[in-house]
Structures are given as C-alpha cells and as structure tokens.
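J.: The following comprises the amino acid sequence and a computationally predicted model.
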Amino acid sequence: MSKLDELIAELCPEGVEYKCLGKVCNVLRGKRLTKKELSEQYQYPVFHGGLIPLGKYKDYNRKANQTMVINTGSVGEVVWSAVPFWSSDGTFTIETQGNIDNRFVYHFLKSQEPYLKSQKREGGVPTIDRDVIEKIQIPIPPLPIQQEIVRILDTFTELEAELEAELEERKKQYEYYRDKLLTFGDEVEFSNIGESCEILDSQRKPVTKKDRSGGIYPYYGANGIQDYVDNFIFDGTYLLVGEDGSVIKEDNSPVLTWAKGKIWVNNHAHVLGEKQNVLLRFIYYYLQTIDVRSIVRGTPPKINQQKLRNIPIPIPPLSEQQRIVAILDRFDALCNDLTSGLPAEIEARRKQYEYYRDKLLTFREAKA
C-alpha cells in the first residue's frame with residue numbers, strides 16, 4: 001500500500017480524472033451462435049448468459065484478457081476471460097483504448113456489479129442497455145497506479161482461486177471416501193427406510209405464501225428453506241427427502257436436507273426421524289450414494305412415500321455407523337461448513353478483496 005501511496009503522491013497529487021466508460025473503451029456486443037454450432041471438440045469457450053461458458057466453438061471473436069458484462073441470464077455479472085473466446089449477443093465485451101489496463105477495467109466493473117444488476121430492464125428477456133455501461137464514470141489514474149492496484153487485487157483473487165481449487169479437490173476426496181465407506185457386501189444385513197427411520201409425514205402442514213407470517217423459524221420444502229414463519233411443528237434433528245418437484249440431483253441421488261431445531265415442513269418433503277440402533281446421520285450419507293431414477297415418477301417428478309419406505313439400507317453395527325459418520329462429518333465440515341470450513345475461508349477472502357477493491361478504486365476527483 002505504501003508504494004501505491006507514493007505513486008499517487010508523485011503522479012496525481014491533485015486527484016484523478018473521471019470519464020464515461022464509453023469515452024475510453026469500446027463496448028462491443030457479441031454475435032449469437034446456435035447450440036448445434038457448438039461442440040466440446042472445439043477449442044474456444046462461448047460466453048452467453050453467465051460465468052460458465054455455454055459451450056465451445058471453432059473460432060473466436062474476442063482476444064484473450066478482456067472483460068465481459070453479461071447481458072442475459074445472470075444479467076450484470078462481470079466476467080474475465082484469460083483465453084480467446086466467442087462473445088455471443090448475451091454479452092458485452094469491454095475493449096480498452098489507449099492508456100488503460102484491461103485488468104484495471106475488470107476490477108473496477110466488478111465494483112459496479114450491484115449497480116449494473118439494478119439497471120436490468122424487465123419485460124420479455126431481462127437485459128441491460130449498452131448506454132448503461134457506457135455512461136458509468138471510471139477513474140483514469142496514470143498507468144503505473146493502475147498496474148499497482150491490479151497487482152494488489154490480483155493477489156486476493158489468486159488466493160481465492162487457490163482455495164476454490166482446493167475445495168474442489170476436497171469434495172472429490174469426500175465423495176471417494178464416502179462411496180468407499182458406504183459400499184457393503186454380504187457381510188452386512190440390509191433393511192429399508194420404512195423399518196430404519198421414523199417417517200413423520202403425517203405431521204407436515206403446508207401453508208400458502210399469503211397465509212405465512214414472517215418469523216424466525218425455517219419453513220422447509222423439497223430442496224431446503226423456502227421461507228421463515230412465526231411457529232414450528234417439528235423440534236429436533238431430521239432428514240428431509242424431496243417428495244415432489246426437486247427430488248433428484250444431477251448424479252441421480254435424492255435431494256436431501258439436514259434440518260435441526262424448531263422448524264416447519266410443508267408437504268413437498270418427506271420427514272425422517274431417528275430410530276434406535278440406526279443413526280439418521282448414517283442414513284443421510286448413505287442416501288447420497290444411491291440412484292433413485294427407478295422410483296421417480298410423474299410430472300413434476302415425485303418420490304411417493306411407499307417408494308421411499310422400500311429403499312434398501314445397510315445396517316452395520318452401531319459402532320461402525322459411528323466410525324463412518326465421524327469420518328464423513330470431518331469431510332463435510334471442511335467442504336460445506338460456512339463458519340469453519342473452506343467455504344468460510346473463501347467467503348472471508350472474498351470480503352477482504354471487496355473491501356480493498358472499493359478502497360483502492362476510490363480516488364479524489366481532479367478539479368476541471
């Protein structure tokens with residue numbers, strides 16, 4: 001920071017000029033491709049409506065190291081591409097002119113994401129008009145100052161990227177050990193969900209949106225918390241299994257939610273409680289490994305209670321269940337705990353980046 005202070009004192013002691021982004025950069029809209037033109041065999045990522053490329057194309061229309069503002073889907077998101085890419089009509093690419101660092105523009109526009117999202121034009125397909133981006137006022141400090149700011153902020157983003165990569169590796173490690181620990185042969189007896197758990201569906205009670213009063217108690221549906229209400233119908237530890245709507249994940253396992261405390265559950269999630277000699281947490285982990293395609297029926301997708309009851313469950317000795325749960329709980333905390341695991345570390349680094357980004361990109365404006 002002291003080096004940056006020295007550069008500011010030397011190069012712009014009277015302040016920094018601000019200009020409209022459209023005066024110092026070209027804001028270029030991309031060109032649409034159809035899905036049939038895309039192939040994983042091709043080299044260049046195609047950006048359309050979000051941070052994740054839509055697919056790959058045989059050519060590119062934008063060079064590497066440029067910033068995009070998403071114009072459909074995740075409207076207002078700011079994306080950086082370090083490789084040549086194809087910009088569809090769902091993105092604006094910011095092409096710099098003159099004495100402006102591409103990466104400086106990226107960090108500045110990241111600070112403008114809340115504003116960009118607030119300018120989304122509704123009606124039909126949500127979008128942002130080009131002039132919204134072009135009229136944003138951007139500070140133009142001398143290039144050495146831009147480069148020093150980029151160096152500092154990139155240090156934070158690189159650390160966050162390293163943590164995210166580590167999290168992905170830990171998730172793969174967790175899945176490997178989970179599947180290994182929960183694979184059983186003839187040495188273990190099997191029961192089923194109906195015999196191994198208390199099924200408490202009869203106690204559920206749906207409440208329409210207009211009849212809910214705001215409160216502190218989570219209101220659960222098929223895939224987690226849907227709202228908060230002023231009362232509860234369950235108090236304890238429960239495993240919720242999606243009944244209809246959101247019932248199956250991409251890996252074909254059931255949609256599960258671990259819920260504790262005073263809660264309300266509607267009729268879109270089965271409610272399982274613990275029985276003696278079978279740990280509910282063990283069942284939670286085991287159900288993550290099974291394929292439920294064969295028991296999902298109808299539109300919207302549904303797992304009815306009878307199908308749920310008949311899902312087979314291995315019942316190793318209680319001491320073995322406890323050992324497996326202890327191991328998987330450690331992995332789960334590392335991968336998912338928002339207070340102590342890697343997600344908490346990533347979130348802390350992201351907030352640190354945002355704090356310094358906003359501080360470093362705020363300049364005293366030079367008098368005309």
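T.: Yes, it's here.

J.: drop to CA atoms for contacts and neighbour counts, all remaining ones
T.: OK.

J.: What helix or strand is the closest residue to residue 80 other than its chain neighbours located in?
T.: By the measure of Cα to Cα, 6 or more residues apart in numbering, the closest residue to residue 80 outside its immediate chain neighbours is residue 67, 4.7 Å from it. Residue 67 is part of strand 66-70 when elements are defined by DSSP states H and E.

J.: shouldn't the residue nearest to residue 80 be in contact with residue 83?
T.: No. Using Cα atoms under 8 Å, residue 67 makes no contact with residue 83, being 11.1 Å away.

J.: which one of the two has more residues nearby?
T.: Of the pair residue 67 and residue 83, residue 67 is the one with more neighbours under other Cα atoms under 10 Å, namely 25 against 14.

J.: Run through the residues that contact that one.
T.: 78-81, 93-95, 102-103, 105-106 (Cα atoms under 8 Å, 6 or more residues apart in numbering).

J.: can you pull the buried residues of the biggest helix by length in the chain?
T.: In terms of residue count, the longest helix belonging to the chain (DSSP state H) is helix 143-181. By 16 or more other Cα atoms under 10 Å, the buried positions in helix 143-181 come out as 145-150, 152-154, 156, 160, 163-164, 167, 170-171, 174-175, 178, 181.

J.: That one: what's the following helix or strand?
T.: strand 190-192.

J.: What is the distance between that following strand and the centre of its chain?
T.: 35 Å (Cα atoms, centre = their mean, to the nearest Å).

J.: and it, what does it pack onto?
T.: strand 312-314 (3 or more Cα pairs under 8 Å, 6 or more residues apart in numbering; DSSP states H and E).

J.: List of residues touching the strand it packs on?
T.: 184, 188-193, 196, 283, 286.

J.: which of these tops the neighbour count?
T.: Neighbour max across the contacts of strand 312-314 (other Cα under 10 Å) = residue 196, 24 neighbours.

J.: per-residue confidence at it?
T.: pLDDT recorded at residue 196 is 95.

J.: From residue 134, how far out is it?
T.: 62 Å (Cα to Cα, to the nearest Å).

J.: do the same with residue 345
T.: For residue 345, the distance to residue 134 - Cα to Cα - is 35 Å.

J.: and if you look at residue 327?
T.: For residue 327 relative to residue 134 (Cα to Cα), the value is 53 Å.

J.: How about residue 97?
T.: From residue 97 to residue 134 the distance is 14 Å (Cα to Cα).

J.: which outside residues touch stretch 329-343?
T.: 163, 167, 170-171, 174, 344.

J.: meant to ask about stretch 36-50
T.: Against stretch 36-50 from outside (Cα under 8 Å, 6+ apart): 53-60, 70-75, 77, 84-91.

J.: Which members of these are classed as buried?
T.: 55-58, 60, 70-75, 77, 84-91.

J.: Among the residues you listed, which are located in strands?
T.: 55-57, 70, 86-87, 91 (DSSP state E).

J.: ok, the closest residue to residue 91 other than its chain neighbours to residue 36 distance?
T.: Using Cα to Cα, 6+ apart and skipping the chain neighbours, the partner closest in space to residue 91 is residue 70 (4.5 Å). Between residue 70 and residue 36 the distance is 22 Å, computed by Cα to Cα.

J.: was I right about residue 358 contacting residue 109?
T.: No. The criterion here is Cα under 8 Å, and residue 358 misses it with residue 109 at 10.8 Å.
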